[in-house]
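# When you get a sec, could you give me coordinates for this:
(3 chains)
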Amino acid sequence: MKHALSHLAVTTDVLFALLAAFLIALSLVSIFTARHLIRRLLALNILSSAVFLLLVLTARTADGIDPVPHALVLTGIVVSVSTTAVVLALYLRRYRREPPC
Amino acid sequence: MRELLAAGLILLGLPFFIASTLGLLRFHDVYARLHALTKADNVGLGLICLGLALQASSLAVALKILLIWGLILLASSTGATLISTSALQHGPSPLRLDDRDPDAGR
Amino acid sequence: MLAVDLLLTLAALATAGQCLLLPGLFRAVTNLMAFGLVMALIWVRLDAPDVALAEAAIGAGITGALLLTALGQLPASQRQLQHVNYRFPHLFIPITIIVLFIGSLVWAAMLSLPKLGLVKEIAATLPYSGAEHAVTAILLNLRGVDTLLEIAVMLCAVAAIWSLQQAIPPPVLAGVNYPGLTTLARWLHPLFLLTFCYFLWQGTHAPGGAFPAGAVLGAGGVLLLLTSNIEWMHQRAYNPLLRWLLSAGLLLFLATALSGFLMTGTLYGLPPPLAGYFIIAIEVATALSIALMLMTFYLFGRPGNWP
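Numbering: from 1, shown residues only, chains lettered A, B, ... in the order given. Now for the predicted structure:
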């Protein structure tokens, strides 16, 4: 029991893992309850940041920093900005003031 | 001696940040808040950057820190101009000296 | 250092909470940009400088520019958030449940088990990969297939946006009204190019590389687009060139994968003596493509409508 609880000491990893859990909860609730589509898009962005945080936390191994999750997160950041751009373009297609075409 | 000077410069820069944050929170309109933010922020950041550059391990690092200060000066002054220009065009006009401040004594 | 961690955690929670819970769309977007900056600091704290560079340029810069431009195009009816009256249990119960669930999952899966990374394996293969920096080696050689598909995803996103509508005509900001902005863009543009080249050069041996370089150049390009200094992108004559440049990264990546297949028999199996040259070629093409794609995202449509 003492061994199991010893991991709960407040270290950098535990603190940021808790932060990721809170961010995931906040953004999931917001994705499902927000009325405005852009608010949901913001929640999606925060959700992806929280997942990246978890991935980077797994990279801190006993042997040193594992670079594989870092590479995954780098590609993930670019994919998440692509998602944002596509959703915004769809949204503008519906709601822009004067559609040019 | 160098360490002491660096710590002194950083400590000297901190009150500027506190004052500008207070101004941002307490001033009454956009223009006054911008005034507080840009002026005090630039001097405070400059002092802190100077302090950090004194502590830097090599000349290249020190020059990079000073470059950060220069870039932030450029960007924040342009940003302040943009915000105040569009506030003049679309928002409320700035208070004059003879206007009565509606928030005075709040 | 724990105090710094605590401050960063509180700042991230505060900005995320203000972004998601308080009324006001503009406030939400600005808080998301602040959240991106805080996340960049968190990446630095967690020893992930590559991620921090990309996050500072993309998460705080380009995403914010995309969202703010989109907000500016919306009609007034869409810009207003309906007032949502969150009562106490509505938010508290689901958040508590999810935090407990994710927290226990994280504790069980990550914190209590020994973490098995690939640190030693990567250190062993690094001399044959053609790059001295591990993240660049993984992105462009060891797990190059992932990056290839990621570039393909970005190209698909560009194709989706272009098929939706025509591009927004460039805003006429560059006139009398905002004199500082054009000057700033003109002054900063050489610096953006310099940073781009510096990151590319640095990427083979230190944090940097194609993704941060592309993100920085893309952010600079968005600034230039904002002041409508890039007119060739909107002209019909240059549209084929733009399309070729956009797909250059993917095409070069595919060519590398195929030539690796021809030379060694496995897809993307680069022979170690030549890997360094291949990596530099892919890095430059990928970074340029990423920068151009980020700039075309900002147009929200298909450019090339000007004669």
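
# The helix or strand harbouring residue B:76 and chain C in contact?
Following DSSP states H and E, one finds residue B:76 within helix B:59-90. Yes: with Cβ under 8 Å from any Cβ of the partner chain as the criterion, chain C is reached by helix B:59-90 at B:71, B:74, B:75, B:77, B:78, B:81, B:82, B:85, B:86, B:89. Just so you know, the C-beta spots here come from the backbone N, C-alpha and C atoms, and that holds for glycine as well.

# Excluding covalently adjacent residues, which one is nearest to the third one?
When you say that, I think you mean residue B:75. Spatial nearest neighbour of residue B:75, excluding adjacent residues (Cβ to Cβ, 6 or more residues apart in numbering or on different chains): residue C:184 at 7.2 Å.

# Relative to residue B:14, how far out is that neighbour?
The gap separating residue C:184 from residue B:14 is 28 Å, by Cβ to Cβ, to the nearest Å.

# can you give me the helices for chain A?
Shown for chain A, the helices assigned by DSSP state H span residues A:2-5, A:12-33, A:37-58, A:67-95.

# Any chance of those in TSV with mean neighbour count as columns?
Shown next, in TSV, are the helices of chain A (neighbours: other Cβ atoms under 10 Å in any protein chain shown):
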stretch	mean neighbour count
helix A:2-5	7
helix A:12-33	21
helix A:37-58	22
helix A:67-95	21
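
# And the residues of helix B:59-90 next to chain C, which of them are buried?
Neighbour counting by 16 or more other Cβ atoms under 10 Å in any protein chain shown classes B:74, B:78, B:81, B:82 among those as buried.

# For chain A, name the helix or strand with the lowest mean pLDDT.
In chain A, the helix or strand scored least confidently by mean pLDDT, DSSP states H and E is helix A:2-5, which has a mean of 50.

# returning to that earlier point: residue C:184 and residue B:14: which is more packed in?
When neighbours are counted by other Cβ atoms under 10 Å in any protein chain shown, residue C:184 and residue B:14 differ, and residue C:184 comes out ahead with 20 against 12.

# Look at the closest residue to chain C within chain A and report its pLDDT.
Residue of chain A nearest chain C, by Cβ to the nearest Cβ: residue A:66 (3.2 Å). pLDDT recorded at residue A:66 is 83.

# Then residue C:201?
Note on residue C:201: pLDDT of 86.

# Tell me if stretch B:3-13 is near chain C.
No: using Cβ under 8 Å from any Cβ, stretch B:3-13 stays clear of chain C, with a minimum separation of 15.7 Å.

# measure the nearest residue to residue A:17 once chain neighbours are set aside to residue A:50 for me?
Spatial nearest neighbour of residue A:17, excluding adjacent residues (Cβ to Cβ, 6+ apart): residue C:106 at 4.7 Å. To residue A:50, residue C:106 is 11 Å away according to Cβ to Cβ.

# ditto for residue C:23
Distance, residue C:23 to residue A:50, using Cβ to Cβ: 23 Å.

# same deal with residue C:49?
Plainly put, residue C:49 is 20 Å away from residue A:50 if you go by Cβ to Cβ.

# now do residue C:22
According to Cβ to Cβ, residue C:22 and residue A:50 sit 19 Å apart.

# Let me see the contact set for residue C:8.
Contact analysis of residue C:8 by Cβ atoms under 8 Å, 6 or more residues apart in numbering or on different chains lists C:38, C:41, C:42, C:45.

# was I right about the first one contacting residue C:11?
Yes: A contact is recorded between residue C:38 and residue C:11 when judged using Cβ atoms under 8 Å, the distance being 4.7 Å.

# which one of those two has more residues nearby?
Neighbour totals were compared for residue C:38 and residue C:11, and residue C:38 leads with 22 against 17 (other Cβ under 10 Å).

# Surely that one is within a strand?
No: according to DSSP: H, G, I helix; E, B strand; the rest coil, residue C:38 belongs to no strand; its state is helix.

# any idea of the pLDDT on it?
In this model, residue C:38 carries a pLDDT of 95.

# Show me what from chain C comes close to chain B.
Residues of chain C lying close to chain B (Cβ under 8 Å from any Cβ) are C:177, C:178, C:179, C:180, C:181, C:183, C:184, C:187, C:188, C:191.

# thinking again about what came up before, which one (most neighbours) among the contacts of residue C:8?
Per-residue neighbour counts (other Cβ under 10 Å) across those peak at residue C:42, which has 24 neighbours.

# what's the closest non-adjacent residue to that residue?
Per Cβ to Cβ, 6+ apart, closest to residue C:42 is residue C:8, 5.3 Å.

# What pLDDT does the model give the one you found?
The model reports residue C:8 with a pLDDT of 94.

# Off-centre distance for the helix or strand where it lies?
Using DSSP H and E, residue C:8 falls within helix C:2-21. Here helix C:2-21 is found 22 Å from its chain centre; the criterion is Cα atoms, centre = their mean, to the nearest Å.
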